[in-house]
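K.L.:
Attaching a predicted model along with its sequence, questions to come.
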Amino acid sequence: MNNDLIEKVLEEVRKNIDLKNIDMKKVDKIIQSSSENLKESKEVQENNDTEKGNKREKKEADVMSAPSPITEFVGTAIGDTVGLVIANVDSLLHEKMGLDKKYRSIGIISDRTGAGPQIMAADEAVKATNTEVVSIELPRDTKGGAGHGALIILAAEDVSDARRAVEVALKDTERTMGDVYGCDAGHVELHYTARASLALNKAFGAPIGKAFGIIVGAPAGVGVVMADTALKTANVDLVSYASPAGGTSYSNEVIITITGDSGAVRQSVIAAREVGLSILKSMGQNPVSTTGKPYI
Amino acid sequence: MNNDLIEKVLEEVRKNIDLKNIDMKKVDKIIQSSSENLKESKEVQENNDTEKGNKREKKEADVMSAPSPITEFVGTAIGDTVGLVIANVDSLLHEKMGLDKKYRSIGIISDRTGAGPQIMAADEAVKATNTEVVSIELPRDTKGGAGHGALIILAAEDVSDARRAVEVALKDTERTMGDVYGCDAGHVELHYTARASLALNKAFGAPIGKAFGIIVGAPAGVGVVMADTALKTANVDLVSYASPAGGTSYSNEVIITITGDSGAVRQSVIAAREVGLSILKSMGQNPVSTTGKPYI
Amino acid sequence: MNNDLIEKVLEEVRKNIDLKNIDMKKVDKIIQSSSENLKESKEVQENNDTEKGNKREKKEADVMSAPSPITEFVGTAIGDTVGLVIANVDSLLHEKMGLDKKYRSIGIISDRTGAGPQIMAADEAVKATNTEVVSIELPRDTKGGAGHGALIILAAEDVSDARRAVEVALKDTERTMGDVYGCDAGHVELHYTARASLALNKAFGAPIGKAFGIIVGAPAGVGVVMADTALKTANVDLVSYASPAGGTSYSNEVIITITGDSGAVRQSVIAAREVGLSILKSMGQNPVSTTGKPYI
C-alpha cells in the first residue's frame, strides 16, 4: 500500500524534474498535467486513509450502496471490517463450526484492525436482533500494529436476521472506534457499555445486563499502568486480565475488563484513558482518536 | 524500509527546491544531477519491490548466479524465500530437530511471505528427489500482512539430494505464487495438485497420491465464505479447517483443505477463488496475482 | 505514521508544482516557504526515525529530561521501549500478576521492537539494583518485522529501586541493540554476557553466573544455519532451541541460547553473526547494526 503511494510520489517527482533541457513552456505543461495526476494520487490516498472518520463514512456509504455481484456481501466499516452473510451454511462447514442445528444462516463480522470495537458493535447487534453469538476469535493482526483483528460469527434461523445484525454491527463500529487512539508506538483503547450482552459475555465473560468496561494499552506496559489506574480510581471488579503470553493472541497489549456500578465503571475507564494517553505523549507520540469522535 | 524510501524522496524534493536564488542554469544542473540520483533511488526501489513478479524473477536469477561466500546458501525466491542446506548437521541440533539417524544433511526453505506456495513447492521437491519432510512450521508473518511465512526442513542422506530439493522448491515457488492474490485489506490464495505427496501430508494431513486443494481467505471472514462456496460447488471432502484461534498461528485467515476427484477439487478451488476475489473487490480493493500468472 | 510522512511529501510536491501560470518570482517564493515546510517535515521525520541510533540517543535524552505529567513515566529507549514504574500496585493487579507479598512496587520495561536487547539490559539492571524479575513475556511484534517485542516486569520493595532498575535497563538497551542487524528480509541478532543473571535465567533458563550467548536469525531458516555454525565453532552447551512453532510466539525466528567457557561462547556467537550476515547479504540484503555500534 505505502509502497504504491511512495512509488506514485516518486513518479511525480521524476516526471517533473527528469528534464535536461528545461524551458518554461514545458514546465507549464508538465505542471498542468502533474497537477491532474496528483489530484488522482490524492484521491487514491484518500481512499486508503483509514484514519479520517469523515471520509471513511462517505466511503462506507458508497461501498454499501454499490451493487455487489455476490449475495454474501453486506458492507464494510473502518478497520478493513467486512460484513458477510451465508444464507444456508454448507453442512460440513456447519458441523466444523459447531453450529446449533436450528440455525441455518450466519452473519460474519471480520476485520484486520480492531477487536474491541467490533465486539462492542456485535454486542449491540445481538441486543437488537434475533441472533446468537457462535464464536469470537482474535487473530494477531492490525497490519503491523500491536493488536488484534477479529472474526465474529453470529447465527440466525433466518438470513434476514443475520443480515440485519451484520448491518447494525458495521454501523456501530464507526461509533465504538471513537475511543481507539493510535500512534506509531502503540495504541490506547477504551470501551464502555451500561449493559453488557452476549457478545461481551462470549468474548470476555462479561456479566450479562451489567455495566462493563474494556481497557487496552499497547505496548503492553502502557496497559499495565492503565489497569492499575482503573482499579484504583473507583470500586470496580476485575473480570479478566490478558497479557502477551496469556489471554491475547501474543499481541503487544495488556487488556483488562471491569464491571460494577455503571458510574464507577465509566469513571475507571476515563481515568485509564487519561493515563494511557499521557504515557504515549510522554513517549513523544501523538495519539489521536481513530474517528475524531470519542464516545465515552 | 519504507522510511528509507520516503527519506530518499524527501531528500530529492529538498535538493530540488531548497534554493532561494533560483536561476535556470542552476535548475538545469540540479535536474541533471537529481535525475541521476533518482535513477539510483529507483534501482533501490526495484530491489525492494517484492510484488512485481517479472523483476523478481530477474533478481532471483541474479542472486542465484552470484557467487555466495557461504556453502550453505542455495538461492532465493519470491516472498523473501531463502533456500539453504547443511551438509553435516551438528549433533546437538540433529537431536533437537528430531532427525532420523540415517540423515546427516538437511535442506531448508524459509520465507517471510507465504506458507501454501512454499509447501506446494516442497511437495514437488520431495516427489522429484530422494528427501524426506522433517518439519513444516508456520510463523505468523507476511511483513504486516494477514498470513503466514514458512520454515520447511527436508532431510537427505546426501547433501546433493538436499540441495537439489531446495533448488526445485525455490523454482516451483514462482509457479505456486501465481494464485496468491494480495491487496491492502487482505488476500485470497488457492492451491491445487492432482497428486498430493509428503509435504502436503505433513502440513495438512493430505491423503497421499490424491487430488488436493488449499483455499485461503483473509481477513478470515472472506475465507469462511470461500470455504462455504467450495464445499457447495462440487462433491469434495473437507480434510482440514483452520481459523485464527485454531489451526493457524493466530493469522487472520480461514484455511480449508479439500480432497476428492481431481475434477471436483479443481472446480471447488476455482469457485472459491471467484467468490473470494469478488468479496475483496466489493470491499473496494484490487486483488492481483503476485506473479501475474495464475496456475490453476 | 508512514502515511503522514507520505502525505507531507505529497503536500510539498503539490505546493510546488500546482501552478498553471508559473513565474520566477512565484517560484522563488514557493521555494522559500516550502524549504521552511520541509525543514519542519524533516524534523517530524527525525522524530519518527527509529533506525538511526545517534538521533535516537538525542531524542531519548530530550524525552527523559522533559517533565512528564505522570509519575509512572521513567523514560524511553530505542525500539519504542518505554520504562514505567508503579509505586503501589493495586491489590487486584498485584494478585493477578502473582507478585510476592513483600513487593509493593514494580518496574516495567515494554517495547515494540526487540526482546533480546531488553532482556539483556534487564539482566544488567537486576545485577545493579535491589529488584527481582517477576515475568518476561514476548509479544509477536516488531511492527511488521519478523520478531518479538517484550514486556518485562521487575519487582521491588521500594519504588526508588524499581525506578533505578528501569533507568539502568533503558540506558543499557542502547548498548545491547548494537548487535541487532536489520534489513527488509529479516534480521540477525546476537547477545553475549560473561555472567548471566536472573533475567536471562527467567527468560531462557540461563545458568546464573556463567557465560551466556543468544543467537537469533530471521527468517527462521537463517537461524537454523546460525545455530549449526555456533554449535560447531566451539565447545558450548545448547541451553534452549526455539522455532516458529515451539518456544517463540510464532515469530519467524530460530533462537538458540548457549553457555560454556566465556571464550567459547563469545567465539560461537561471533561465528554465528558472520554466517547470518552472509546469508542475508546473499539474499541481496544489506543488514546493518541498529545503532552502528556492535558490542560483542
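P.N.:
Ah, there it is.
K.L.:
Mind jotting down where the helices sit in chain A?
P.N.:
A:2-17, A:24-48, A:53-65, A:91-96, A:116-128, A:159-176, A:198-204, A:220-233, A:262-282 (DSSP state H).
K.L.:
got the residues of the stretch 51-200 of chain A near chain B?
P.N.:
Within reach of chain B by CB under 8 Å from any CB of the partner chain, the stretch 51-200 of chain A has these residues: A:59, A:62-63, A:66, A:68-70, A:72-73, A:76, A:80, A:82, A:84, A:86, A:89-90, A:92-93, A:96, A:106, A:108-112, A:135, A:137-141, A:143-144, A:149, A:151, A:153. In this view, the C-beta of every residue, glycine as well, is placed from N, C-alpha and C.
K.L.:
Is it possible to mark the buried ones in the residues you listed?
P.N.:
A:59, A:63, A:68, A:70, A:72-73, A:76, A:80, A:82, A:84, A:86, A:89-90, A:92-93, A:96, A:106, A:108-112, A:135, A:137-141, A:143-144, A:149, A:151, A:153 (16 or more other CB atoms under 10 Å in any protein chain shown).
K.L.:
Now residue A:189: closest residue in space, sequence neighbours ignored.
P.N.:
Nearest-residue entry for residue A:189: residue A:216, 3.9 Å, with adjacent residues in sequence omitted and distances by CB to CB, 6 or more residues apart in numbering or on different chains.
K.L.:
what do you get for residue A:88?
P.N.:
Of all residues apart from its sequence neighbours, residue A:104 sits closest to residue A:88 (CB to CB, 6+ apart), at 5.3 Å.
K.L.:
In contact with that neighbour: list those residues for me.
P.N.:
Applying CB atoms under 8 Å, 6 or more residues apart in numbering or on different chains to residue A:104 gives the contacts A:87, A:88, A:89, A:94, A:157.
K.L.:
Skipping its backbone neighbours, what lies nearest residue A:186 in space?
P.N.:
Counting by CB to CB, 6+ apart, the residue nearest residue A:186 is residue A:218, at 4.0 Å.
K.L.:
Around the residue of chain A found nearest chain C, how many other residues sit close by?
P.N.:
For chain A and chain C, the shortest gap (CB to the nearest CB) falls at residue A:221, measuring 2.5 Å. Counted with other CB atoms under 10 Å in any protein chain shown, the burial measure for residue A:221 works out to 29 neighbours.
K.L.:
That one and residue C:149, how far apart?
P.N.:
As for residue A:221, its distance to residue C:149 is 10 Å (criterion: CB to CB, to the nearest Å).
K.L.:
With residue A:79 instead?
P.N.:
In this structure, residue A:79 lies at 21 Å from residue C:149, with CB to CB as the measure.
K.L.:
Check chain A and tell me which residue is nearest its centre.
P.N.:
For chain A, the residue whose C-alpha lies nearest the mean C-alpha position (CA atoms, centre = their mean) is residue A:114; its distance is 3.3 Å.
K.L.:
wouldn't it be in contact with residue A:173 here?
P.N.:
Yes - using CB atoms under 8 Å, residue A:114 and residue A:173 qualify as a contacting pair, with a distance of 7.5 Å.
K.L.:
quick check: domain ranges of chain A?
P.N.:
Using automatic domain parsing, the domain ranges for chain A come out as A:2-38, A:53-289.
K.L.:
weakest of the ones you listed by average pLDDT?
P.N.:
Averaging pLDDT over each of these singles out domain A:2-38 as the lowest, with a mean of 47.
K.L.:
if I look at the closest residue to residue A:225 other than its chain neighbours, how far off is residue C:78?
P.N.:
Leaving aside its chain neighbours, residue A:225 sits nearest to residue C:72 (4.9 Å; criterion: CB to CB, 6+ apart). With the distance defined as CB to CB, residue C:72 ends up 21 Å from residue C:78.
K.L.:
Enumerate the residues of the stretch 51-200 of chain A near chain C.
P.N.:
Residues of the stretch 51-200 of chain A found near chain C, taking CB under 8 Å from any CB as the criterion, are A:51, A:140, A:143, A:144, A:145, A:146, A:183, A:184, A:185, A:186.
K.L.:
Going by neighbour count, which of these comes out on top?
P.N.:
The most crowded member of these, judged by other CB under 10 Å, is residue A:186 (34 neighbours).
K.L.:
got the buried residues for stretch A:269-277?
P.N.:
Buried residues in stretch A:269-277, counted by 16+ other CB under 10 Å: A:269, A:270, A:271, A:272, A:273, A:275, A:276, A:277.
K.L.:
same question but for stretch A:209-221, I mixed them up
P.N.:
Buried positions in stretch A:209-221, judged by neighbour count with 16+ other CB under 10 Å: A:210, A:211, A:212, A:213, A:214, A:215, A:216, A:217, A:218, A:219, A:220, A:221.
K.L.:
circling back to that earlier point, between the buried residues of stretch A:269-277, which is closest to residue C:257?
P.N.:
The shortest gap between residue C:257 and any of the buried residues of stretch A:269-277 belongs to residue A:276, at 34.3 Å (CB to CB).
K.L.:
Now do the contacts for the residue nearest to the closest one when sequence neighbours are not counted.
P.N.:
If the residues on either side of it in the chain are set aside, residue A:276 comes closest to residue A:188, at 3.6 Å by CB to CB, 6+ apart. Contacts here follow CB under 8 Å, 6+ apart; on that basis residue A:188 touches A:180, A:181, A:216, A:217, A:218, A:222, A:226, A:273, A:276, A:277, A:280, A:287.
K.L.:
rerun at 6 Å
P.N.:
Residues counted as contacts of residue A:188 (CB atoms under 6 Å, 6 or more residues apart in numbering or on different chains) are A:181, A:217, A:276, A:277, A:287.
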